[in-house]
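S.K.: A predicted structure for the sequence below; I have some questions about it.
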Amino acid sequence: MLSKEQIAQRIAKEVKNGQYINLGIGIPTLVANYIPDELEVVLQSENGLLGIGPFPTEDKIDPDLINAGKQTITMVKGSVLFNSAESFAMIRGGHVHLTILGAMEVSENGDIANWKIPGKMVKGMGGAMDLVASAENIIVAMQHCSRDGASKLLKECSLPITGIKCVKKIVTDLAVLEVSPKGGFVLKERAPGVSVEEIQEKTEGKLIVEGEIPEMVF
Amino acid sequence: MLSKEQIAQRIAKEVKNGQYINLGIGIPTLVANYIPDELEVVLQSENGLLGIGPFPTEDKIDPDLINAGKQTITMVKGSVLFNSAESFAMIRGGHVHLTILGAMEVSENGDIANWKIPGKMVKGMGGAMDLVASAENIIVAMQHCSRDGASKLLKECSLPITGIKCVKKIVTDLAVLEVSPKGGFVLKERAPGVSVEEIQEKTEGKLIVEGEIPEMVF
Amino acid sequence: MINKTVKDAKEAVADIPSGAFLMMGGFGLSGIPENCISALLEKGIKDLTIVSNNAGVDDFGIGLLLKKKMVKKMISSYVGENAEFERQLLSGELEVDLIPQGTLAERVRAGGAGIPAFFTPAGVGTEVAEGKEIREFDGKLYLMERWLRADFSLVKAWKGDTAGNLIFKGTARNFNPMMAAAGKICIAEVEELVPAGELNPNEIHTPGIYVQRIFEGKNYEKRIEQRTVSQAKS
Amino acid sequence: MINKTVKDAKEAVADIPSGAFLMMGGFGLSGIPENCISALLEKGIKDLTIVSNNAGVDDFGIGLLLKKKMVKKMISSYVGENAEFERQLLSGELEVDLIPQGTLAERVRAGGAGIPAFFTPAGVGTEVAEGKEIREFDGKLYLMERWLRADFSLVKAWKGDTAGNLIFKGTARNFNPMMAAAGKICIAEVEELVPAGELNPNEIHTPGIYVQRIFEGKNYEKRIEQRTVSQAKS
């Protein structure tokens, strides 16, 4: 099973040179730590910044400089600041190439649910609905099962969804999976020591296993 | 009969303190010269400036600073520059209070035509269609009749129109007229030495004359 | 140049009545109109509708207005970390319209720009789409969304001049510029108010035409929600 | 930071084919991509569709492309003072879509912002409305207008950095920022190209995300259409 850091590390391998990337709150934020230095990429913060840098040292903290998770941040060289309408113009207009975000559930046709549990939890969708409706490539980072052991890779989402037919790839603590355009989760890689059978067992939606499934190497 | 300068001078009396104003090309541009100094108003140039100043002296000419008529200009203190989408956001959003523009024809219900003579002249509508569809107050500055003597205040416009039911007031070389919400040109003032009969004769659309019509004083 | 200066927050918000439809700039606690919020708290009006991306935290920002039960309805994209907001929402005390963040930004922008409706892909196939017109353009589905406009918009800038021109700082810009334009009356509070002519016309984020009142605010707390630091490298 | 630098105009426009759909920034002759226009003239491609507010004058700007019969169609708001444009238009040699200036700016903005359609009051009741959906919102009539997007957009800025961030000067900004965002490939020519990090992130008008290629232009003529002066007061 992968740790959160390893999920982030695995997702970082999906990043391509020259990409503009939006990282969601949680595991996705960690991805930044694993992007190889030789790649030139730019991280977007939907509250109005292109070029997120590392967290500031204590003496550099600026309350007027935060990311979408409200964390204090810094800017890299070549950064640019803008307003929220411009920020989502970038997102909606397809200028952000890659969105990495967390999810409560993903369905086998690529639907995603991550903003609401009716009657229990309403955190709001924030920018997630815009991101999943717009980016050309959407990768989900999440645990394969919920805390009570239920699969989060489903035939259909049971929770209110955030977007339809949008997720392209999922990296969980157990596996890397792609959503087939025809429906179904195509198993691409196994976490070290995790069997295809275990992944099958913990995947409620249709799992497509073709040929030998390689184990991830870290 | 009023000169072009006098038409501009008369229109300047319509300007109120605190207004943001868009002046069209031609006579409307001259209005700026007659706005009393004690009024604080801001002139908008739809190519991206609030705060048009006087024409520059020879040594201050800047090719990157022009008005919508492509004339070199200057900026007053407190000016701001912006792009064309923002400029028309201001106009369309009703933030510009007063638009003064020229016309080829105005109809008695307030339609205006000023951008095209089919088969003969196509200069394009520029920003005029946006302006007349948006501003709360639209004043037309024009000659009462065309060069061949035909009335430009008509029952219905014969030329392709720029906007419908939008003109509130017209200042010509002969008269000041308001467009009645019920249709018709309400005669408000006569140019010095011009009779109601002459105005009647040169107005093809319905002219409404109520009570004594005062003569303009300059 | 037109002078928009008022004395302080109290004077600026004096005519905001109970039941008003307000917009407030800010993302989290960054770029919120602290002085105006304090002045509203003192006025103690109620039944406010507030458009704001977030609703502050329990004891700061809009959270203070919620706690005092001054708010009838919130139009936001994220409840986030505000427990009182979530409690009032789940109990039904507070009406809440949750809107995708980009849709919220664009609806406010449309309000200022005189665009009564537009199409966006955000929310297609979700409960956000309920009751909305759906239309296909070039093979993709979109929702029709309406503009948002307010009686008063309360924004916070870094620098401003007496003509109402505003410059924001860092990510405190966020929703402020669009809201400035979408309020019938826009009240801008700034950290530093300068005479018209001192700001570079080419560096202004919000043209003064959108701002009806401006004042220099006091005692900005600028509270940080998530203080995250990295260790200094030696 | 991603480096977008190319050598010169020739390299920047090398892959623009005949029949391409282009956008070009500028208002009158102010803020036009002079170097790219010259490079296109040398390439001698044809059947171009060009979105540009104006079409230059007879012997400068887009006027040069018209004269050389490289343009199949113009999408503009104002023919104005270009006699060759007006002649080709009236004779039917050139297809021309005349669009209200604000609608043009907003359609281009919508293209960059992923908004496939929106409503505007400009043109209601006129021939611009022909064939378009008309709808009433809050008692006023509006037209539905579609986005505009281009294969290539050619823009001109004052300063730019290697990451593609742009700052414009004066009223030479005009349509350039929206067009930068609405081109699949945006080519930016700048008067001064600096390394990423030298521009203040708070003063940038066009974020580099929209720009795919950037180069420092040469020999800007910046021709003035209407030289108007007032006498110096002594």
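M.R.: Here it is on my side, so go on.
S.K.: quick one: the helices in chain C?
M.R.: C:9-12, C:34-43, C:62-67, C:83-91, C:101-113, C:176-182 (DSSP state H).
S.K.: can you tell which of these is closest to residue A:29?
M.R.: helix C:101-113 (17.2 Å; C-beta to C-beta). Any C-beta I mention is one placed from the backbone N, CA and C, and that applies to glycine too.
S.K.: Output the lowest mean pLDDT helix or strand found in the chain.
M.R.: With no chain named, the answer covers chain A. Of all helical and strand segments in chain A, the minimum by mean pLDDT, DSSP states H and E falls on strand A:121-122, at a mean of 78.
S.K.: ah, no, chain C please
M.R.: helix C:83-91 (a mean of 83).
S.K.: Pull the residues that contact that helix.
M.R.: With contacts defined as C-beta atoms under 8 Å, 6 or more residues apart in numbering or on different chains, helix C:83-91 is touched by A:119-123, C:55, C:58, C:63, C:66-67, C:74, C:79, C:94, C:96.
S.K.: With chain C as the reference, measure out to the most far-flung residue of chain A relative to its centre.
M.R.: Distance from the C-alpha centroid of chain A, by C-alpha atoms, centre = their mean, peaks at residue A:59 (31.1 Å). Separation of residue A:59 from chain C (C-beta to the nearest C-beta, to the nearest Å) stands at 8 Å.
S.K.: so that residue, which of the three states?
M.R.: When classified by DSSP: H, G, I helix; E, B strand; the rest coil, residue A:59 comes out as helix.
S.K.: got any ranges where the chain has weak pLDDT?
M.R.: No chain specified, so I'll use chain A. For chain A, no stretch is flagged by pLDDT under 70.
S.K.: Chain C, not that one
M.R.: In chain C (pLDDT under 70), the answer is C:232-234.
S.K.: cutoff 80 now
M.R.: C:79-81, C:231-234 (pLDDT under 80).
S.K.: Please list the residues of it that sit near chain B.
M.R.: Residues of chain C lying close to chain B by C-beta under 8 Å from any C-beta of the partner chain are C:1-3, C:109, C:111-115, C:161-163, C:165, C:181, C:196-197, C:201-202, C:204, C:207-210.
S.K.: From the residues you listed, which land in strands?
M.R.: Members of the residues of chain C next to chain B lying in strands (criterion: DSSP state E): residue C:161.
S.K.: which of the residues of chain C next to chain B are close to chain D?
M.R.: Okay, of those touching chain D (C-beta under 8 Å from any C-beta), that's C:113, C:114, C:115, C:202.
S.K.: would you list these in TSV and tack on distance to chain A and neighbour count?
M.R.: Formatted as TSV, those follow (distance: C-beta to the nearest C-beta, whole Å; neighbours: other C-beta atoms under 10 Å in any protein chain shown):
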residue	distance to chain A	neighbour count
C:113	10	28
C:114	15	28
C:115	12	26
C:202	15	17
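S.K.: Which members of those are the farthest-apart pair?
M.R.: Going by C-beta to C-beta, the pair spanning these furthest: C:115 and C:202, at 26.0 Å.
S.K.: Which residue ranges of chain A form helices?
M.R.: Using DSSP H, helices in chain A cover A:4-12, A:27-31, A:84-92, A:128-134, A:196-201.
S.K.: Contacts only, for residue A:93.
M.R.: Here residue A:93 is in contact with A:134, D:111, D:112, D:113, D:114, D:181 (C-beta under 8 Å, 6+ apart).
S.K.: Go ahead and confirm the fourth one touches residue A:94.
M.R.: In this case it means residue D:113. No: taking contacts as C-beta atoms under 8 Å, residue D:113 lies outside contact range of residue A:94: 10.0 Å.
S.K.: in chain C, what residue is nearest chain A?
M.R.: residue C:102 (3.0 Å; C-beta to the nearest C-beta).
S.K.: My guess is that residue contacts residue C:122. True?
M.R.: Yes: the pair residue C:102 / residue C:122 is scored as a contact, 5.6 Å apart, by C-beta under 8 Å.
S.K.: Please identify every residue contacting each of these two.
M.R.: A:92, A:129, A:130.
S.K.: ChimeraX command to pick out the buried ones of those residues?
M.R.: The buried residues among the shared contacts of residue C:102 and residue C:122 can be selected in ChimeraX (16 or more other C-beta atoms under 10 Å in any protein chain shown) with this line:
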select /A:92,129,130
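S.K.: which one of the shared contacts of residue C:102 and residue C:122 is nearest residue A:68?
M.R.: Out of those, the member with the shortest distance to residue A:68 (by C-beta to C-beta) is residue A:130, at 11.8 Å.
S.K.: For residue A:110, see how far away the closest one is.
M.R.: Noted for residue A:130: a distance of 17 Å to residue A:110, by C-beta to C-beta, to the nearest Å.
S.K.: How about residue C:63?
M.R.: Counting by C-beta to C-beta - residue C:63 and residue A:110 are separated by 37 Å.
S.K.: could you dump the contacts of residue A:93 to JSON lines with distance to residue A:197?
M.R.: Formatted as JSON lines, the contacts of residue A:93 follow (distance: C-beta to C-beta, whole Å):
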{"residue": "A:134", "distance to residue A:197": "37"}
{"residue": "D:111", "distance to residue A:197": "50"}
{"residue": "D:112", "distance to residue A:197": "49"}
{"residue": "D:113", "distance to residue A:197": "48"}
{"residue": "D:114", "distance to residue A:197": "43"}
{"residue": "D:181", "distance to residue A:197": "49"}
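S.K.: any idea which of the residues you listed is closest to residue A:40?
M.R.: Relative to residue A:40, and with distances defined as C-beta to C-beta, the nearest of the contacts of residue A:93 is residue D:181, at 20.8 Å.
S.K.: what's the closest non-adjacent residue to the closest one?
M.R.: With C-beta to C-beta, 6 or more residues apart in numbering or on different chains as the criterion, residue D:181 has its nearest non-adjacent residue at 2.7 Å, and that residue is residue D:112.
S.K.: distance of that neighbour from residue D:153?
M.R.: In terms of C-beta to C-beta, residue D:112 sits 9 Å off from residue D:153.
S.K.: List the residues that contact residue 103.
M.R.: Assuming you mean chain A. A:112, A:113, A:114, A:140, A:142, A:152, A:162, A:167, A:170.
S.K.: Chain C is the one I meant
M.R.: Counted by C-beta under 8 Å, 6+ apart, residue C:103 has contacts A:129, A:130, C:120, C:122, C:123, C:128, C:145.
S.K.: And for the closest residue to it other than its chain neighbours, the neighbour number?
M.R.: Here the nearest residue to residue C:103 in space, its sequence neighbours aside, is residue C:122; by C-beta to C-beta, 6+ apart that works out to 5.1 Å. Number of residues near residue C:122 (other C-beta atoms under 10 Å in any protein chain shown) recorded here: 32.
S.K.: Then residue C:39?
M.R.: For residue C:39, the neighbour count with other C-beta under 10 Å is 21.
S.K.: One more: the one 5 residues further on?
M.R.: Around residue C:44 sit 9 other residues, with neighbours defined as other C-beta under 10 Å.
S.K.: With residue A:17 instead?
M.R.: 10.
S.K.: Next: residue A:40.
M.R.: Residues near residue A:40, counting by other C-beta under 10 Å: 14.
S.K.: same check, this time on residue A:25
M.R.: By the criterion of other C-beta under 10 Å, residue A:25 has 17 neighbours.
S.K.: same deal with residue A:84?
M.R.: The burial count for residue A:84: 30, using other C-beta under 10 Å.
S.K.: Could you measure from the closest residue in space to it that isn't next to it in sequence over to residue A:90?
M.R.: Of all residues not flanking residue A:84 in the chain, residue C:105 sits nearest, at 4.0 Å (C-beta to C-beta, 6+ apart). Residue C:105 is 11 Å from residue A:90, where distance means C-beta to C-beta.
S.K.: still on that earlier bit, and the residue nearest to residue A:84, how close does it get to residue C:25?
M.R.: Residue C:105 is 11 Å from residue C:25, by C-beta to C-beta.
S.K.: ditto for residue A:69
M.R.: From residue A:69 to residue C:25 the distance is 19 Å (C-beta to C-beta).
S.K.: Would you mind telling me which of these two has more residues around it?
M.R.: Taking neighbours as other C-beta under 10 Å, residue A:69 and residue C:25 compare with residue C:25 leading, 33 against 20.
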